[in-house]
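**Q** just need the structure, nothing else, for what follows:
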Amino acid sequence: MDLETGRAHGARIYDYILGGKDHYEADRAAGDETLRVWPALRVHMQANRSFMHRVARYMAVEKGIRQFLDIGTGIPTSPNLHEVVQEKAPDSRVVYVDNDPIVLIHARALMQSTPAGRTAYVQADMREPERIFDAPELHSTLDLTQPIGLTVIAVVHFIEDDDEAYRVVRDLVDRLPSGSWVGLAIATDDFDRDVLAEVQRTYHAHGETLRWRSHEQALRFFDGLDLEEPGVVQIHKWRPDGTLSRPISDKDIAMYGGVAVKH
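**A** Below you'll find the model as predicted:
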């Protein structure tokens, strides 16, 4: 299996910045250079992880969702989505999806379900929704006639072409049954354009994609869905629960997030 360890990968950079151990020299170089340009990177990524936890918990507790599809899972960093939702609803079922082969190697950590629930892993690219929804692992875990909680957290910025990014998300949403919930986090440079332009150049120099999108562009990902309050906002402002360690400046966060329902 070719892990492409000579090229930086977003999931492994994320792991490195969060203090994990599943990364390589190219990922550390990209992470260190980005931190020099934007020291808030670690705060931003911690806020993103916290947003994912709040979204998953909200779907499970407030909306009664018991099955989840997580696109762009990344390297397992506890607590993972299944740990968050199964703490509140032990019978929850979760399917993780990622295209990085190193995530597959560590997927065993994603399979530690409660006895009442179930987890599965699909190695696939989000650009191929039909492959995801045709996967036997998905069909043996989720009931596609019942509402699903879809999470697409901090991954659409790896698709540079806007039309393709909107098409991919729309295709994923169109395959969900009515009553499903969708959580998205979309990278933005609206709050510090000069510094984040340098971040983008750093990512590109290390062979990784990074596409910033405005608030108006972020809203388009929710077309046809009914947004839940407070709408599409910076991720640290979406239903904060006080778990972040310190107050966060808007300039430290380069991600919009929102949750919506499909009727």
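**Q** where does pLDDT dip in this structure?
**A** Flagging of the chain using pLDDT under 70 yields the residue ranges 1-3, 245-246.
**Q** now the strands: where do they sit in it?
**A** Here the chain has its strands, by DSSP state E, at 67-71, 93-98, 118-123, 149-153, 181-187, 226-227, 233-234, 255-261.
**Q** those strands: which one's closest to residue 5?
**A** Distances from residue 5 to each of the strands of the chain were compared by C-beta to C-beta, and the smallest falls on strand 93-98, at 16.3 Å. (C-beta placed from N, C-alpha, C; glycine too.)
**Q** quick check, central residue of this structure?
**A** Relative to the mean C-alpha position of the chain, the nearest C-alpha, by C-alpha atoms, centre = their mean, is the one of residue 153, at 2.0 Å.
**Q** residue contacts, that residue?
**A** By C-beta atoms under 8 Å, 6 or more residues apart in numbering, the contact set of residue 153 is 48, 51, 52, 55, 70, 72, 183, 184, 185, 257.
**Q** reformat the strands of the chain into TSV and put distance to residue 196 next to each item.
**A** Written out in TSV, the entries for these read as follows (distance: least, C-beta to C-beta, whole Å):
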stretch	distance to residue 196
strand 67-71	24
strand 93-98	25
strand 118-123	31
strand 149-153	19
strand 181-187	9
strand 226-227	25
strand 233-234	13
strand 255-261	11
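**Q** for residue 240, find the nearest of these.
**A** It is, among the strands of the chain and with distance given as C-beta to C-beta, strand 233-234, at 10.2 Å.
**Q** what sits up against the closest one?
**A** In this structure, residues lying in contact with strand 233-234 by C-beta under 8 Å, 6+ apart are 191, 250, 253, 255, 256, 257, 258.
**Q** likewise stretch 63-72?
**A** Outside stretch 63-72, the residues touching it (C-beta under 8 Å, 6+ apart) are 11, 56, 59-60, 81-82, 85, 89, 91-98, 126, 132, 138, 141-143, 146-155, 158, 172, 181, 261.
**Q** list the buried residues of that stretch.
**A** 63, 65, 66, 67, 68, 69, 70, 71, 72 (16 or more other C-beta atoms under 10 Å).
**Q** tell me how far the second one lies from residue 174.
**A** For residue 65, the distance to residue 174 under the criterion C-beta to C-beta, to the nearest Å works out to 18 Å.
**Q** how about the fourth one?
**A** Noted for residue 67: a distance of 18 Å to residue 174, by C-beta to C-beta.
**Q** who are the contact partners of residue 26?
**A** Residue 26 neighbours (C-beta under 8 Å, 6+ apart): 5, 6, 7, 8, 9, 206, 207.
**Q** spatially, what comes nearest to it if we skip its sequence neighbours?
**A** residue 8 (4.6 Å; C-beta to C-beta, 6 or more residues apart in numbering).
**Q** quick one, what contacts that neighbour?
**A** Counted by C-beta under 8 Å, 6+ apart, residue 8 has contacts 26, 27, 29, 30, 203, 206, 207, 208.
**Q** and which of those residues is nearest residue 105?
**A** The shortest gap between residue 105 and any of the contacts of residue 8 belongs to residue 27, at 14.9 Å (C-beta to C-beta).
**Q** residue 12 is in contact with that closest one, correct?
**A** Yes - using C-beta atoms under 8 Å, residue 27 is in contact with residue 12, at 4.0 Å.
**Q** between those two, which is the more surrounded one?
**A** Remark: of residue 27 and residue 12, residue 12 carries more neighbours, 28 against 25, as counted by other C-beta atoms under 10 Å.
**Q** relative to residue 36, how far out is that one?
**A** 18 Å.
**Q** residue 71 now?
**A** 31 Å.
**Q** what subset of the contacts of stretch 63-72 is buried?
**A** Applying 16+ other C-beta under 10 Å to the contacts of stretch 63-72 flags 11, 56, 59-60, 81-82, 85, 89, 92-98, 126, 132, 138, 141-142, 147-155, 158, 172, 181, 261 as buried.
**Q** sounds good, over and out.
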